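Engineer: Sequence plus predicted model, see below.
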There are 4 protein chains.
Amino acid sequence: MMRYSLFGESHGSCIGIVLNGLPSGLMLDMEQVMQEMKRRAPGGSLISTARSESDVPEIVSGLFQGKTTGAPLCALIRNTDARSKSYEDIRWLARPGHADYAGYVRYAGCNDYRGGGHFSGRLTAPLVFAGAVAKQILREKGVDVYAHIRELAGISDTSIDRAHPDLSALAAVAGKSFPTLDETVGKAMQNAVISARSEGDSLGGIIECLITGIPAGFGSPDFGENAEGVLAQYLFAVPAVKGLEFGAGFEMARMRGSQANDAFYTDDSGSVLTRTNHNGGINGGITNGMPLVFSVVIKPTPSIACEQDTVDLRTGESVKIRVGGRHDPCILPRAVPVIEAAAALASLELMS
Amino acid sequence: MMRYSLFGESHGSCIGIVLNGLPSGLMLDMEQVMQEMKRRAPGGSLISTARSESDVPEIVSGLFQGKTTGAPLCALIRNTDARSKSYEDIRWLARPGHADYAGYVRYAGCNDYRGGGHFSGRLTAPLVFAGAVAKQILREKGVDVYAHIRELAGISDTSIDRAHPDLSALAAVAGKSFPTLDETVGKAMQNAVISARSEGDSLGGIIECLITGIPAGFGSPDFGENAEGVLAQYLFAVPAVKGLEFGAGFEMARMRGSQANDAFYTDDSGSVLTRTNHNGGINGGITNGMPLVFSVVIKPTPSIACEQDTVDLRTGESVKIRVGGRHDPCILPRAVPVIEAAAALASLELMS
Amino acid sequence: MMRYSLFGESHGSCIGIVLNGLPSGLMLDMEQVMQEMKRRAPGGSLISTARSESDVPEIVSGLFQGKTTGAPLCALIRNTDARSKSYEDIRWLARPGHADYAGYVRYAGCNDYRGGGHFSGRLTAPLVFAGAVAKQILREKGVDVYAHIRELAGISDTSIDRAHPDLSALAAVAGKSFPTLDETVGKAMQNAVISARSEGDSLGGIIECLITGIPAGFGSPDFGENAEGVLAQYLFAVPAVKGLEFGAGFEMARMRGSQANDAFYTDDSGSVLTRTNHNGGINGGITNGMPLVFSVVIKPTPSIACEQDTVDLRTGESVKIRVGGRHDPCILPRAVPVIEAAAALASLELMS
Amino acid sequence: MMRYSLFGESHGSCIGIVLNGLPSGLMLDMEQVMQEMKRRAPGGSLISTARSESDVPEIVSGLFQGKTTGAPLCALIRNTDARSKSYEDIRWLARPGHADYAGYVRYAGCNDYRGGGHFSGRLTAPLVFAGAVAKQILREKGVDVYAHIRELAGISDTSIDRAHPDLSALAAVAGKSFPTLDETVGKAMQNAVISARSEGDSLGGIIECLITGIPAGFGSPDFGENAEGVLAQYLFAVPAVKGLEFGAGFEMARMRGSQANDAFYTDDSGSVLTRTNHNGGINGGITNGMPLVFSVVIKPTPSIACEQDTVDLRTGESVKIRVGGRHDPCILPRAVPVIEAAAALASLELMS
């Protein structure tokens, strides 16, 4: 059974992950792993944090002579560019939109507050590592995972045909400096981010993800086993995800059954397919053989330079806060491989 | 640890549920249980199925002298008005939007096809029973669950203030024949349903749910423990749910951080609250003491009288299908107590 | 994933089980099921309780046209011969060796005390039902489960060769009125039971179980996945089991490595086997292809007619108790199919 | 919820553990942790392996300013004295009694064979670390864990009174160079080990463990929740454990109910206790407030210098093997803190 444990804090010595339940015998392609790591790594550009981390995973177990052994795989990633100073200044101020207050209550004030500690988006680095491993296993089963930014600042990327997607266009996204199908749209999105940053503000958006090659028949209608629920577990474990929809999702609220139903047909090879894919490849909690398609909404980065109202955790007194330090004005581009990683791990569980 | 197992099929002798992990000593108010059952029961009206079931749960274990014993609670609900005839006619035709095809593959054609079998929405009756029990336990902890139809056929109910909701208005919804805050809006929605039904079609919509009284500090950022993930497990196990958003959810894609962040303040009693509640009461996977607020999209009932394209499961040949039998043209009104039930069970797990 | 939920109380309307994760398409042989039920059913003889139950399982879900559907299978067994009178008399007296006191504390006095309530050995009836289903699935995989009473009242049955057992002798045990390999030994054991009963006392003993046909390679060294741990979960869930040993078990304390190690060899068909099987078919938490062999100790029935010291749960005062009612003076013969059932369910989980 | 993941291999760069579900705010006493580590560390004496490891755990997450944060705690332990040479020679020979063959099948030959890889007893070092943390948490709840070697080479230590144990004598065991209550007995056991080693052989034995301070009312009769089952999960995850018995355990096979039942009484402070403790502090899967007492059998170290029969994994051919390298002739003394660690972790889960 697949399961993983993330550990570490933003400003500790290292972060990492233990992955249980991997198959043995996968010859791990570290070059591909590093490509995934680089997609998530902070770029130092105008639209990402200035923190610079090489994010090279050091695999300390579960790999022998280049191949997975089937034993738990543990990878460590060193923190090399942590600067805690800016966090000391606001140590007792609950940053709005952050877990500072909830974490303070949950852990009785003992959580590591530096850089968000264990709540930090930095913990998505080992998740991307795990996703890179999962993708290599999935590829051997004919399963691929794609994602792009569907919407940012009200700007929409080219919409995909959920039933018969253009896979080569989707595959190209991973190689781009900004993960959209349409590069002109991507430029407009980047300008919106730069503009928000210049005002000390941040932006959210929507990422759409598509998984091809999972055959019909995985999942179940029951609690804990339904395909939507399995994916949801992995996706809501990604920080900043506040919503998840399958296929047409919330659009279905305005559809009639005659529109939302995906008509079945048989193609030349005898495969049963659907003409549309409003259900995102899942019926009754079970995969139906069509691409799994879902979207997640990522909230705007809560760390912003604008002045905000908050309280002092010690006294409860009203105070003003400006969050300094180095932050992404929009996490969407770096979140694309993270969502793919969560989707890849969920797919492995679903198919196990 | 809370967990439940639903069992049964739409046209079998009975359906039911086993609930594990209940506290002992709850004096179960069966009148309140039956009120919840009636909110979900088919009404026989123009906007619901003509199938008539009394849906009285027979508790066969875990209750002694009127109180929960702490041992597993099992309740049975008899099926008394099943008519399988209309299902025999379309036995081999995969109904679009339904689990017929996915289930046929998953279970190698052995699943009970009558009335959708174990996939039937009828399985939500024991879920509502379990939710009614959970609500009584929650009430002793000061936790309440409310829901209403937020949107149907493009018509929106009065929006709620997520940070400071009008609880008496929300509480009144459960007693109404149509579960909206605004009754004029409710009438318009009903007319839309009647109109869709008259055309042999169906409608979906959005249900919004709010949970008050859960203190700050429940949940965790980690996989399998984060508050959004726990709720998602229970909600996606409800048939027809295709999307879930917390707080402002997908709207956050068009917000800036300065809008989406919920500013903290301290009220007169010294409680830390937030001015807005765009995060739906959860930060970093942990409750922050504000109401938990989320919405789910319910897809249009897939069983429609209109002619649709599909395939014969035996031969793969193209065929036309019209789904006869007795079906709800819109499941939303009956789904409101189901979503509340799932939310109540998830809340119990979260607080355990 | 296999899991089960037992529910019900000894003197409630019925007891039952929900089984999740069964494969679809098993044509269930109800005659074989009833044979297993009868092996556990009280015989009314001198060595078992006088309570008379037909124990016919009523399958209410998960079976359609005689075959498993893959959906949760629920079976109910009616309680028809409960007599609560003798329990009212000792309601507040903690029976030594029973869960009365622990359950009173755990459930704040709300547990059903009649006949032991949910703690009753009667709950093993639905477990035997589930085991009978599991055995039919296992048989299709070439896996068989055997058991016998290894020891009772200091009398030992013929010992089995753990590496090369006489399977036809073991198979014959299930058809006997008393489950030993050697019938003379069985008679002696029965006399010991009759003798203990005549003195108002009871007896414990050891059951040995053997599972053939599980190939090498199932399980893992890790927590929650190792073969011994999986079996232990199922076996310790059987009431009255107080110890479990694999292969030579506690005898290994007096062995040297040169004796305890099972030497490998290759047989004519090229299979790798071991000459002895002191490790009970498991190395490093993983099956090695040899028969799985384990023994459990069953404690003497705690309900005895002898006078015992105890306390009144309400006042804590010292009192004397004699447990009336109808009880088995020795549960061993009826426990043999229960241990087989637990072993069968564990084997299914291990191989899934 | 408590859970842990062990990772690493005997001859890899490091081994370690991730612990989830710890409470926040525990000021970790590293001196006590190191005392526990030293109890398990190889001594280099005549009765233990010559491998020398400092086994200082490096805590990389979950600890901040000396206190647990509540986030996952990860500790690494470096491997500094691995010598793989002797394993290369026997790489393809399945060591009898070891997991070589089962692991070869399970992991398709990809497991790390050096020093047993992930199967190595060396993995118990991080387990002892975790146990040391758990013990400090338990101590704050008034719970203590004790163990001693009950039997070795047919030599028995002083038996303990399970109902009213001499705790100061038990507490002294942890500070001794050889963990028995009676030091003369301990010397005799050591001589037996030295004698076995001189003949190229090894010894097994029995460890008895006692947990005090867990109040009545933890656990449940149900699958996955019963106290015996929870302990069994943790104990069978320890390599070399082949049997587990609670209280009088297998002795109960020769007892009558009148002997095995533990009579209740009320002491001067009004607490309900039992005169004997044959049930090991558990009735019906629930703690009864008496000390939890159990014993495990540890099999003789399978790595022995004597010549043994085995097969070549590549060809299946019969070959002779002598296991060289550095091995403990008897793991019992070092296993005592390991069993305590497993017991401590299980107690935390049971009480959570």
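Structural biologist: Arrived safely, thanks for sending. Since the structure is predicted, the reported quantities are computational estimates derived from the model, not experimental observations.

Engineer: How much space separates A:G200 from A:H327?
Structural biologist: Distance, A:G200 to A:H327, using CB to CB, to the nearest Å: 10 Å. For the C-beta atoms, the positions are set from N, CA and C on the backbone; glycine is no exception.

Engineer: which one of those two has more residues nearby?
Structural biologist: Using other CB atoms under 10 Å in any protein chain shown as the criterion, A:G200 and A:H327 rank with A:H327 on top: 21 against 15.

Engineer: Check that one and give its pLDDT.
Structural biologist: For A:H327, the model assigns a pLDDT of 84.

Engineer: ok, how many other residues are close to the nearest residue to it once chain neighbours are set aside?
Structural biologist: Nearest non-adjacent residue to A:H327, counting by CB to CB, 6 or more residues apart in numbering or on different chains: A:S303, 4.0 Å away. Neighbour count for A:S303, taken as other CB under 10 Å: 23.

Engineer: Name all residues that make contact with A:S303.
Structural biologist: A:R95, A:H98, A:S202, A:V323, A:G325, A:H327, B:G257 (CB atoms under 8 Å, 6 or more residues apart in numbering or on different chains).

Engineer: Check the secondary structure at it for me.
Structural biologist: coil (DSSP: H, G, I helix; E, B strand; the rest coil).

Engineer: could you show me where the helices are in chain A, in order?
Structural biologist: A:30-40, A:85-89, A:100-106, A:124-140, A:167-173, A:183-198, A:227-236, A:257-260, A:332-351 (DSSP state H).

Engineer: give me phi/psi at the residue nearest to A:H327?
Structural biologist: phi -80, psi 100 (degrees, to the nearest 10).

Engineer: Would you mind measuring from the closest residue to chain C within the stretch 251-352 of chain A to A:V133?
Structural biologist: Per CB to the nearest CB, A:S352 is where the stretch 251-352 of chain A lies closest to chain C, at 9.6 Å. Distance, A:S352 to A:V133, by CB to CB: 14 Å.

Engineer: Who has more neighbours out of those two?
Structural biologist: Shown here are A:S352 and A:V133; by other CB under 10 Å, A:V133 has more neighbours (29 against 11).

Engineer: Can you give me the pLDDT of that one?
Structural biologist: At A:V133, the pLDDT value in this model is 98.

Engineer: got the contact list for it?
Structural biologist: By CB under 8 Å, 6+ apart, the residues touching A:V133 are A:L19, A:L22, A:L26, A:L28, A:V33, A:T68, A:L73.

Engineer: biggest separation within those residues, which pair?
Structural biologist: Within the contacts of A:V133, A:L22 and A:V33 form the most distant pair, 13.6 Å apart (CB to CB).

Engineer: Would you format the contacts of A:V133 as TSV with pLDDT, neighbour count and distance to chain C included?
Structural biologist: Shown next, in TSV, are these (pLDDT from 0 to 100; neighbours: other CB atoms under 10 Å in any protein chain shown; distance: CB to the nearest CB, whole Å):
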residue	pLDDT	neighbour count	distance to chain C
A:L19	97	25	12
A:L22	95	23	11
A:L26	97	20	17
A:L28	98	19	20
A:V33	97	22	24
A:T68	98	23	14
A:L73	98	25	12
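
Engineer: Of those residues, which ones also sit close to chain D?
Structural biologist: Restricting the contacts of A:V133 to those near chain D by CB under 8 Å from any CB of the partner chain leaves A:T68, A:L73.

Engineer: Please see if stretch A:119-132 touches chain B.
Structural biologist: Yes - on the criterion CB under 8 Å from any CB, stretch A:119-132 is in touch with chain B at A:F119, A:L123.

Engineer: Do that stretch and chain D come into contact?
Structural biologist: No - Stretch A:119-132 does not reach chain D (CB under 8 Å from any CB); its nearest approach is 8.5 Å.

Engineer: Quick one: distance of that stretch to the chain centre.
Structural biologist: Distance, stretch centre to chain centre, for stretch A:119-132: 9 Å (CA atoms, centre = their mean, to the nearest Å).

Engineer: need the residues of chain A near chain C, please.
Structural biologist: A:M1, A:N20, A:G70, A:A71, A:P72, A:S220, A:P221, A:D222, A:E225.

Engineer: tally of neighbours for the third one?
Structural biologist: So the one you mean is A:G70. 24.

Engineer: For stretch A:301-312, which residues meet the burial criterion?
Structural biologist: A:T301, A:P302, A:S303, A:I304, A:A305, A:Q308, A:T310, A:V311 (16 or more other CB atoms under 10 Å in any protein chain shown).

Engineer: just to revisit the earlier point, farthest-separated two in the contacts of A:S303?
Structural biologist: Most distant of the contacts of A:S303, by CB to CB, are A:G325 and B:G257, 14.1 Å apart.

Engineer: So what's the residue count around A:D267?
Structural biologist: Using other CB under 10 Å, A:D267 has 9 other residues around it.

Engineer: which residues does the closest residue to the residue of the stretch 251-352 of chain A closest to chain C other than its chain neighbours contact?
Structural biologist: Of all residues not flanking A:S352 in the chain, A:M2 sits nearest, at 5.6 Å (CB to CB, 6+ apart). By CB under 8 Å, 6+ apart, A:M2 lies in contact with A:L19, A:N20, A:G21, A:L22, A:L345, A:L348, A:E349, A:S352.

Engineer: Take those and write them to CSV, including distance to C:I206.
Structural biologist: Output for the contacts of A:M2, formatted as CSV (distance: CB to CB, whole Å):
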residue, distance to C:I206
A:L19, 41
A:N20, 35
A:G21, 36
A:L22, 40
A:L345, 45
A:L348, 43
A:E349, 40
A:S352, 37
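
Engineer: Quick check: of those residues, which lies closest to chain B?
Structural biologist: Distances from chain B to the contacts of A:M2, taken by CB to the nearest CB, are shortest for A:L345, at 9.3 Å.

Engineer: That closest one: neighbour count?
Structural biologist: Each residue near A:L345 was counted by other CB under 10 Å, and the total is 28.

Engineer: which residues touch the residue in the stretch 151-300 of chain A that chain C sits nearest to?
Structural biologist: Chain C sits closest to A:D222 of the stretch 151-300 of chain A, with a gap of 6.6 Å, by CB to the nearest CB. For A:D222, the contact set (CB under 8 Å, 6+ apart) comprises A:G285, B:S5, B:L6, B:A237, C:N20, C:A71, C:P72.

Engineer: now do 7 Å
Structural biologist: B:L6, C:N20, C:P72 (CB atoms under 7 Å, 6 or more residues apart in numbering or on different chains).

Engineer: And for A:A344?
Structural biologist: A:G131, A:A134, A:K135, A:L138, A:V145.

Engineer: switch the cut-off to 10 Å
Structural biologist: By CB atoms under 10 Å, 6 or more residues apart in numbering or on different chains, the residues touching A:A344 are A:36, A:128, A:130-139, A:143-145, A:209, A:211, A:234, A:337.

Engineer: With chain C as the reference, measure out to the closest residue in space to it that isn't next to it in sequence.
Structural biologist: Leaving aside its chain neighbours, A:A344 sits nearest to A:A134 (3.8 Å; criterion: CB to CB, 6+ apart). To chain C, A:A134 is 19 Å away according to CB to the nearest CB, to the nearest Å.

Engineer: do you know how far A:A134 is from B:Y146?
Structural biologist: Look at A:A134 and B:Y146: by CB to CB, they are 39 Å apart.

Engineer: ditto for A:P42
Structural biologist: Noted for A:P42: a distance of 42 Å to B:Y146, by CB to CB.

Engineer: So the two - more neighbours on which side?
Structural biologist: In terms of neighbours (other CB under 10 Å), B:Y146 is the more surrounded of A:P42 and B:Y146; the figures are 25 against 19.
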